[in-house]
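> sequence and predicted model, in that order:
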Amino acid sequence: MKSVAAFVRAIIEQEGRTLVAERSERDATAYMAAVAALSLSSAGRRPDNRVLCVQGVGMIWRVGSQKKDLWAAALGSCKRWLGSLLFVVLAVLWFWPLGDDPIPTASPTRKPTATPPPLADGYGGLPVRVVDRSWTVEALLARSELEQSAVWADGEELTFFYQGEAEAVDTCCGIQLPMRRVGDSDAWALTVRVEGLAQAVISYFFIPYQDGHPVQDMEGMGDLPVWRGPDAPAALERAEALQGQIDRYAIDSMALDESRDLTVYLPPGHDPTQQYPVVYAADGASVDGFAAILDPLIVEGNFPAVIVVGVHAGAYTGPAAVYDRGQDLRVQEYLWGENQARFEAHERFFVYEVSDWAEQTVGASSNREARAVFGFSNGGAFAVSMGIRHPEHYGAVLAFSLGMGPDGWGTPQWTADIAPRHYLVAGTLEPFQEPTARWAAKLARMGVEHVHRERVCGHDPVLWEEEFPGAVVWAFGDR
């Protein structure tokens, strides 16, 4: 085989020199790449069968098909490469990471259509299926009046009802799908079959569109109505008025060269001269919702008094009409591999500047075991990345509904004895279930202490709020 490889290599080298002289350096470089592969083969190392196949066939075309040795070498390489390629394709289909957007809502723009497009019968391969029900306006109004709700269940089918003039309407947030207009009326309906609906907890919100743009925005986590199945966990108490407090700050960051907002929850009876366990949270604007859940539990006395330091995400600086991911600072700051310079600048701000400020200003603990990093969606990806990159800083990672960057979350360099403990949560109705489960499986293989919980929910604020107290107790309650 060495003689065949040497023959092919000589042909490629000759073609490479000709291409440099007569065609382009890029084409010549492609041919010379095959030289390196053939050198490995001649040295008894693993050859690059893809290169041998492609370049060998190319050589046959150039030097003529009478070269039997060349035919044998090229076709043998092609056979081995295609066998490997099939394996790779199957592996990619199994392990391919799912993308992530900011807290998912409907698309910022939609083109109105004269007739509604057909609804897909699936929901991203998840246990949700759209059901074509021939609702009438009268039937929808009567059922809504009977249920005293815009959402109701029939067995494992859940129906959403909206009434109002619009060009299109989407549902958000536990189920994110377009609704269908009922005839020529101003009534809109969506019926879906949900596996495990009796255990489901689904917040909902309707997004009508006019002139291709949404005409109302989500008010905030705590303001969303929630449909709860008969066998679902009971709703947690929410404080109407906090006995702790929410403080808002803006601090100047040397790493980011800008000012960034913080929203900080301080527990009842907070004393800034004492040290408290602290959760450093991505997407700091969401802290109000988490505080409303934590506060009554702390007041009862059986829950750790914790500080939550919410670090606000970077702004979207692109055009409103068309989303430009390259101008979404939240994505760049949270996802490993999007914009490494921005990611690392935000990392220095979050890990060092915010911690120093919180320890000096509000009594946040400087003890690793009393620090946790928390996030959901892209923020969950960021929390995992910080646990990977700063195991000396955080004792626990609380990561919900994990997003993923182009390069995943980074590569752990730690072993189980120094890794942060992990508390992972995802909904069975969201595409982020799969990457969350994948990270849990990796932690299990590495022997890292972790909890992995799944509930019948979507990519939904109600999931994150209701699971947050359990994560905090797990992180700090017995330590």
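Arrived safely, thanks for sending. Residues are numbered from 1 along each chain as shown.
> any chance you could map the helices in the stretch 151-300 of the chain?
Ranges of helices in the stretch 151-300 of the chain, per DSSP state H, counting those that start in this stretch, are 287-300.
> low-confidence ranges, it, go.
216-222 (pLDDT under 70).
> how close does the residue most central in space within the chain get to Ala441?
By CA atoms, centre = their mean, the chain has its centre lying nearest to Gly403, at 1.6 Å. The gap separating Gly403 from Ala441 is 17 Å, by CB to CB, to the nearest Å. For every residue, glycine as well, the C-beta is placed using N, CA and C.
> can you give me the pLDDT of Phe374?
Phe374 is assigned a predicted lDDT (pLDDT) of 98.
> could you report the neighbour count for it?
If you count neighbours by other CB atoms under 10 Å, Phe374 ends up with 30.
> need the three-state assignment for it.
Following DSSP: H, G, I helix; E, B strand; the rest coil, Phe374 is assigned to strand.
> hmm, it is touching Gly387, no?
No. With contact defined as CB atoms under 8 Å, Phe374 does not reach Gly387; the gap is 10.6 Å.
> that older thread, wasn't the residue nearest to the centre of the chain part of a strand?
No. Using three-state DSSP, the assignment for Gly403 is coil, not a strand.
> surely it and Tyr334 touch.
Yes. Counting by CB under 8 Å, Gly403 touches Tyr334, with 7.5 Å between them.
> mind listing the shared neighbours of those two?
378-379, 381 (CB atoms under 8 Å, 6 or more residues apart in numbering).
> just the ones of the residues you listed in helices?
Counted as lying in helices by DSSP state H, out of these, are 378-379, 381.
> could you dump the residues you listed into a markdown table with pLDDT and distance to Gly314 added?
Converted to a markdown table, those look like this (pLDDT from 0 to 100; distance: CB to CB, whole Å):
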| residue | pLDDT | distance to Gly314 |
| --- | --- | --- |
| Asn378 | 95 | 11 |
| Gly379 | 96 | 12 |
| Ala381 | 96 | 14 |
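> what about the strands in the stretch 101-250 of the chain?
Secondary structure of the stretch 101-250 of the chain (DSSP state E, counting those that start in this stretch): strands located at 128-131, 151-154, 157-163, 168-173, 180-181, 187-194, 201-210, 213-214, 226-228, 245-253.
> tabulate those in TSV, adding columns for mean neighbour count and distance to Ile418.
Shown next, in TSV, are the strands of the stretch 101-250 of the chain (neighbours: other CB atoms under 10 Å; distance: least, CB to CB, whole Å):
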stretch	mean neighbour count	distance to Ile418
strand 128-131	18	40
strand 151-154	17	47
strand 157-163	21	45
strand 168-173	24	37
strand 180-181	19	53
strand 187-194	22	41
strand 201-210	22	36
strand 213-214	16	46
strand 226-228	18	40
strand 245-253	14	28
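> got TSV for those, with distance to Leu266 too?
Shown next, in TSV, are the strands of the stretch 101-250 of the chain (distance: least, CB to CB, whole Å):
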stretch	distance to Leu266
strand 128-131	40
strand 151-154	36
strand 157-163	38
strand 168-173	28
strand 180-181	47
strand 187-194	39
strand 201-210	27
strand 213-214	35
strand 226-228	27
strand 245-253	5
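> only the buried residues of stretch 275-284, if you could.
By neighbour count on 16 or more other CB atoms under 10 Å, the buried set for stretch 275-284 is 276-284.
> and the helix or strand encompassing Ala444, what does it pack onto?
Secondary structure assignment for Ala444, by DSSP states H and E: helix 433-446. Helices and strands touching helix 433-446, by 3 or more CB pairs under 8 Å, 6 or more residues apart in numbering; DSSP states H and E, are strand 396-400, strand 421-427, strand 450-455.
> contacts for it next, please.
95, 97-98, 126, 380, 384, 399-404, 409, 412, 415-416, 419, 422, 424-427, 450, 452, 454.
> change it to 6 Å
Contacts of helix 433-446 with the rest of the structure, by CB atoms under 6 Å, 6 or more residues apart in numbering, involve 97-98, 402, 404, 416, 422, 424, 426, 450, 452.
> equivalent analysis for stretch 327-343, please.
By CB under 6 Å, 6+ apart, the list of residues contacting stretch 327-343 reads 102, 313-318, 325, 346, 378-379, 381-382, 385, 405-407, 409-410.
> farthest-separated two in the buried residues of stretch 275-284?
Taking CB to CB as the measure, the buried residues of stretch 275-284 span a maximum distance of 21.1 Å, between Tyr276 and Asp283.
> leaving out the residues flanking it, which one is nearest to Gln413?
Excluding its sequence neighbours, the residue lying closest to Gln413 (CB to CB, 6 or more residues apart in numbering) is Ile388, at 7.7 Å.
> my read is that that neighbour contacts Thr411, right?
No. Between Ile388 and Thr411 there is no contact under CB atoms under 6 Å: 7.3 Å.
> tell me the pLDDT of the nearest residue to Gly269 once chain neighbours are set aside.
By the measure of CB to CB, 6+ apart, the closest residue to Gly269 outside its immediate chain neighbours is Ala305, 7.3 Å from it. Per-residue confidence (pLDDT) for Ala305: 96.
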